[in-house]
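Asker: next input, structure requested:
(chains A and B)
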There are 2 protein chains.
Amino acid sequence: MNNLLVAQSGGPTAVINATLAGVIQGVCTTDQVDMIYGARNGIEGVLKGNIIDLNELAKDTSALDTLTHTPSSALGTCRYKLCDWREDEEPYRKIVETFNRLKIKYFVYIGGNDSMDTVHKLSEYCRSNNHNFIIVGAPKTIDNDLAMTDHSPGFGSAAKYIASTMAELERDTASYDLPAVTIVEIMGRNAGWLAASSALARINGGAGPDLIYLCEKEFDQERFISDIRKKQESKPNILIAVSEGIKDQNGNYVSDQLSSGAVDNFGHKYIAGAARALEQLVRKEIGCKVRSIELNLMQRAAAHLASDTDVTEAKLLGQKAVSCALQGGTGRMVAIKRSSNEPYRIELITVPVEEVANKEKKVPLDWITSDGHDVTKEMLDYLKPLIQGEINIKYENGIPKQIRLYSI
Amino acid sequence: MNNLLVAQSGGPTAVINATLAGVIQGVCTTDQVDMIYGARNGIEGVLKGNIIDLNELAKDTSALDTLTHTPSSALGTCRYKLCDWREDEEPYRKIVETFNRLKIKYFVYIGGNDSMDTVHKLSEYCRSNNHNFIIVGAPKTIDNDLAMTDHSPGFGSAAKYIASTMAELERDTASYDLPAVTIVEIMGRNAGWLAASSALARINGGAGPDLIYLCEKEFDQERFISDIRKKQESKPNILIAVSEGIKDQNGNYVSDQLSSGAVDNFGHKYIAGAARALEQLVRKEIGCKVRSIELNLMQRAAAHLASDTDVTEAKLLGQKAVSCALQGGTGRMVAIKRSSNEPYRIELITVPVEEVANKEKKVPLDWITSDGHDVTKEMLDYLKPLIQGEINIKYENGIPKQIRLYSI
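Answerer: Here you go, the predicted model:
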């Protein structure tokens, strides 16, 4: 018996289940894998032996389609950092025990850079200890900060949500004829790709966002206020996109800087996001109507607005992960290589996972305009293909149809 | 010449432009109206003579379709309260001046209860001063708090967005196997219809929201904490929906109560929403991972997720407003009367606008469950038809296609 185990890890995305569906389909189209299982809550499920049988699901094409369009991790997720096996072999022994019990030969781990660290350590452990398990990684992250891949599944859908939502917010905020500032906080502690994608809201001639601040560039409060004042000379309503992780010249988060003195009735510190902190700043310095908005979990969960390009690639990468495993590609991650923006052309490749693990791909500084508050044409050319195409999602009773693989 | 003037007022919705498109189509299908004009930023545009010619748009069916699916007020909006004409006739004279200059006979005002106050006062003024202008109201509000109509255009789409988004958030928050509380703040200062619609996220068997608190019911912090503790006995991840306007037993907003002591580094008061305030409370009392989410402007601007039922009704009400005007129905608002939930059956009627102006339709207390943290079957039966049907929205370059009728 050669069985395959799949698991999902890290923060949810709109298409991480499309990759799972791709893995299942990859298994269905080969006779080299006998059974397919899923681990609950990532590597934690492997450690605990908390396993779901996916073989019935594999035969149900309609359910696989629903899975493809259900957001978040249908198998559950975790944030578990595997220790160094030379220091503590115990977790590794437990993993091998689960593998042996279920006759697992192939393990596919879908996740971000932390999860690729798990793939790396586990494959190294197996190699060093003569275990013939094949450990393969499949990428996912809305942040687009994974190295060695042109972009990551999950990012395109989040970018499409952000661009579409910013276009809708622009229409909303422009409807009053009064001076106003709206600050939208977008995910990204260390990489500004998602905030950058807000610029796509202008792709059809839209009037906002007016200002975009990425976390790669030092954030200057005085320049921020003067940028707003300048924009308001020609337009009363200013729409601003900021990365949650914008930092000042000393590398301190703006959110911490501006809100560190705030305490509530209980004497507890207020944990304010960057946009909320900047809202207070604008209220003090400019005094016009000001509102902050966090796109919060919606930007990673909005499967109803997923990019068809993203869903398709996510699924293909799941299939590619299976073929990589069958070819013995242990310690490798499947990835995307782009050869052309227009027409958009990619190929699926595999890369050594140690070159992905624990690394972060940031926005190149020369893709930020010299005034520091917008992105360049190179950035737009890079982003544009990733949000193309709409999915044909099924609705049931007026809301998107979803699948759940287990109940609590 | 018998011309028609249309304007939009109050907070934006996803379908207020569908009603505008309906008015334009209503004019196109009669020979009793010669020209159609739009006032910029509601009654303010009428006062200032800031008028847009809509006659070219009326001939362009493709543009009208795009208008139907563009969120917010394409003509701009305002929050202008017309004074009593017996105290100050000046604004009324200006309005009449604009009407006479453009040979306006019919004025259609699309808006909420404040806007219906304008329709009422203006129609009374005209009647009392022998001006033969016909002033008609068309309803819109996401809050669903308008009297004399079964429901209001804009509500169904916001409800569909809220239900779909809560279903997506439920999948997201359920993916980690850790105790966590997520509190989602939904619009509604005095009426809890929108927060109630979060219950539709469970319509297909979904597992959340777990607790729903409407502003009609007195909010008790201690009971809130004990409700969470009880739910966490069987489920680690708790998803909660709250109206922004929940109030304590003394009628004070929970947001003010809990955040009144918070000041930032500048010594300025923190304006925290209800969910943010409750996040602090849960952090203190329960101590598990807690997150607050505001659906903010997205819930009224997300035209990409509009309810087809809502869009269709919004447009029909625009057409009905024209026919009401042609029949001389000054001082009336077009409205919806429901005869059956299943099958869903409605008819369009007209009602005296003074019975709508400045009133608020709240959730009946017997549509809230006796435990105070959910809604009844009656509520679900009422809500369900309003979110049915998906629109065939056009995308351009990956984001929803929109129209703009003027640039700033």
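
Asker: ok now stretch A:372-382, how far from the chain's centre?
Answerer: Here the centre of stretch A:372-382 is set off from its chain's centre by 20 Å, with CA atoms, centre = their mean, to the nearest Å.

Asker: same question, stretch A:397-404
Answerer: The answer for stretch A:397-404 is 22 Å, by CA atoms, centre = their mean.

Asker: which residues in the stretch 1-150 of chain A form helices?
Answerer: A:16-28, A:43-48, A:55-58, A:61-68, A:90-101, A:113-128 (DSSP state H, counting those that start in this stretch).

Asker: in the last one, what's buried?
Answerer: It refers to helix A:113-128. A:113-126 (16 or more other CB atoms under 10 Å in any protein chain shown). Every residue, glycine included, has its C-beta placed from N, CA and C.

Asker: also the first one?
Answerer: Residues A:16-28 are the ones in helix A:16-28 that count as buried (16+ other CB under 10 Å).

Asker: repeat that for the second one.
Answerer: Using 16+ other CB under 10 Å as the burial criterion, the residues of helix A:43-48 that qualify are A:43-47.

Asker: so which of those residues are also by chain B?
Answerer: residue A:44 (CB under 8 Å from any CB of the partner chain).

Asker: now, among the buried residues of helix A:16-28, which is nearest to residue A:293?
Answerer: residue A:16 (25.1 Å; CB to CB).

Asker: so what pLDDT did the closest one get?
Answerer: pLDDT for residue A:16: 98.

Asker: repeat for residue A:51
Answerer: Residue-level pLDDT assigned to residue A:51 equals 97.

Asker: distance of it from chain B?
Answerer: 14 Å (CB to the nearest CB, to the nearest Å).

Asker: report the contact partners of that residue.
Answerer: A:5, A:37-40, A:45, A:98, A:102 (CB atoms under 8 Å, 6 or more residues apart in numbering or on different chains).

Asker: from the buried residues of helix A:43-48, which is closest to chain B?
Answerer: residue A:44 (7.2 Å; CB to the nearest CB).

Asker: how about the nearest residue to the closest one, chain neighbours excluded?
Answerer: residue A:78 (4.5 Å; CB to CB, 6 or more residues apart in numbering or on different chains).

Asker: tell me how chain A divides into domains.
Answerer: Domain assignment of chain A by automatic domain parsing yields the ranges A:3-154+A:302-359+A:389-400, A:156-300.

Asker: now those as TSV including distance to residue B:146?
Answerer: Formatted as TSV, the domains of chain A follow (distance: least, CB to CB, whole Å):
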stretch	distance to residue B:146
domain A:3-154+A:302-359+A:389-400	22
domain A:156-300	20
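
Asker: out of those, the one nearest residue B:408 is which?
Answerer: Closest among the domains of chain A, using CB to CB: domain A:156-300, at 5.4 Å.

Asker: pull the distance from that closest one to the chain's centre.
Answerer: 20 Å.

Asker: can you check stretch A:357-373 too?
Answerer: Distance, centroid of stretch A:357-373 to centroid of chain: 17 Å (CA atoms, centre = their mean).
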